[in-house]
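Undergrad: Build me a model:
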Amino acid sequence: MQQKRIAVMGSTGSIGTQTLDIIAERPDLFRASVLTARSNVTLLAEQARRFRPDKVVVADPAAYRPLKEHLADLPVKVECGDEAIAEAGCGPNVDMVLAALVGYSGLLPTINAIRESKVIALANKETLVVGGALITPLLKEYSTSILPVDSEHSAIFQCLQGESKREARKILLTASGGPFRNFTLEQMHDVTPQQALNHPNWSMGAKVTIDSASMMNKGFEMIEAHWLFGCPPDKIEILVHPQSIVHSMVEFCDGSVKAQLGTPDMHLPIRYALGYPQRLPSSAPGLQLSQMAQLTFQAPDFERFPLLGYAFEAISKGGNMPCILNAANEVAVARFLDGSIGFLQMGELARLTMDSVDFIAAPDLDALVATHAAATARAREIAATLASARKGGHGC
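TA: Numbering: from 1, shown residues only. Just a heads-up that it's a prediction; the model follows:
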């Protein structure tokens with residue numbers, strides 16, 4: 001296997017740091033040729049010293065000078081700004097892009113890398129949520145592929161190996177249910193960001209952890225699975241599986257079901273994507289099924305977790321509606337984390353934004369960029385109103 005040169009987009013985040021763990025394990029197979037981050041200069045500089053990439057890029061212009069000074073003694077190119085991030089996965093020194101940027105910010109870098117026929121190891125589900133209808137034909141046009149990194153999509157991908165997609169009848173997408181799966185609506189009125197960030201099974205970044213708590217994350221994963229595997233949304237079933245051992249399943253036309261199991265450790269799907277089509281050995285302990293009392297599954301509650309339903313609605317309507325939902329959710333999560341709105345108000349904010357931003361049935365990239373801006377602005381207006389009502393004692 002020839003050494004792969006990898007652009008780690010979002011190297012200071014949870015997925016990025018775990019990807020670098022695997023690159024460090026196998027320097028014969030992988031090299032981190034590009035590292036990017038939003039603003040974490042200290043960690044990005046440490047990573048650059050350890051992995052000696054050709055280039056590092058920081059999104060925040062204010063972080064450029066400190067980063068440049070930190071790396072002045074190294075032959076590393078330092079760049080900054082959104083345009084540099086968008087082009088970071090391009091160039092002859094990159095074979096694969098590990099796309100782990102947060103939210104909408106991953107869309108343009110991924111599209112640009114596809115246009116240079118780079119293989120995409122995708123850990124940024126919002127890219128396909130917003131732009132799946134554009135990205136799918138681009139992959140064919142530029143003869144490249146996406147290898148899923150999310151544990152659920154990696155599981156589905158693995159279950160489909162050696163199978164015909166035409167013979168797949170249903171995708172069974174598992175969800176942990178997050179920290180509030182057993183809470184009543186009344187209990188969910190008063191949950192705090194600290195409670196929401198305390199995920200029972202997974203260690204993830206703040207945005208993904210809040211999305212898991214609201215089950216928005218599973219809605220986005222459903223949309224991602226639709227685009228990755230060409231599966232209609234009504235053939236994707238969500239199952240709450242609190243143990244997070246069965247990462248997802250595929251049901252075939254003969255009634256048989258294949259599942260991929262593993263410990264809740266993101267190193268596993270990252271390692272599979274980086275090494276594909278080979279499986280790379282790991283020293284991590286294997287799954288001990290004999291020590292597990294039970295593996296349970298149940299249907300999700302769309303009343304307590306309305307964002308999950310909004311995701312099905314958005315992909316069914318199509319066009320720019322998933323983009324609107326994504327923008328609204330990004331604002332909602334930020335406002336919940338800073339204490340402006342309550343947990344249940346995130347769903348209210350999303351609903352109001354979906355109902356008040358112009359729908360476009362067949363958007364091009366420019367239209368999606370404009371939609372994101374318009375939906376973000378509208379969501380911020382709605383968030384301010386909800387925050388005011390909450391302060392007045394009338395909100396959730």
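
Undergrad: Quickly find the element holding the nearest residue to residue 154 once chain neighbours are set aside.
TA: Excluding the flanking residues, the one nearest residue 154 by CB to CB, 6 or more residues apart in numbering is residue 269, at 3.6 Å. C-beta: built from backbone N, CA, C; applies to glycine. Residue 269 belongs to helix 267-275 when assigned by DSSP states H and E.

Undergrad: Pull the distance from the helix or strand just after that helix to the chain's centre.
TA: Reading on from helix 267-275 to the C-terminus, the next helix or strand found by DSSP H and E is helix 306-317. Its chain's C-alpha centre and that of helix 306-317 lie 17 Å apart, by CA atoms, centre = their mean, to the nearest Å.

Undergrad: Now do helix 306-317: which elements does it pack against?
TA: helix 216-229, helix 321-337, helix 345-354 (3 or more CB pairs under 8 Å, 6 or more residues apart in numbering; DSSP states H and E).

Undergrad: model confidence over stretch 89-97, on average?
TA: Averaging pLDDT along stretch 89-97 gives 97.

Undergrad: Which parts of the stretch 101-250 of the chain are strands?
TA: In the stretch 101-250 of the chain, the strands defined using DSSP state E, counting those that start in this stretch lie at 119-122, 146-148, 168-175, 236-240, 246-252.

Undergrad: got the contact list for residue 154?
TA: Residues in contact with residue 154 (CB atoms under 8 Å, 6 or more residues apart in numbering) are 148, 247, 260, 268, 269, 272, 273.

Undergrad: mind listing what the residue nearest to residue 154 touches?
TA: Under the criterion of CB under 8 Å, 6+ apart, the neighbours of residue 269 are 148, 149, 150, 151, 154, 155, 247.

Undergrad: Residue 32 is in what secondary structure piece?
TA: Counting by DSSP H and E, residue 32 is found in strand 30-37.

Undergrad: what does that strand rub up against?
TA: Under CB under 8 Å, 6+ apart, the answer for strand 30-37 is 3-13, 16, 20, 22-23, 43-44, 47-48, 51, 53-59, 85, 88-89, 93-94, 101, 274.

Undergrad: circling back to that earlier point, got a markdown table for the helices and strands packed on helix 306-317, with mean neighbour count and distance to residue 191 too?
TA: Listed next are these as a markdown table, based on neighbours: other CB atoms under 10 Å; distance: least, CB to CB, whole Å:
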| stretch | mean neighbour count | distance to residue 191 |
| --- | --- | --- |
| helix 216-229 | 25 | 15 |
| helix 321-337 | 26 | 10 |
| helix 345-354 | 23 | 11 |
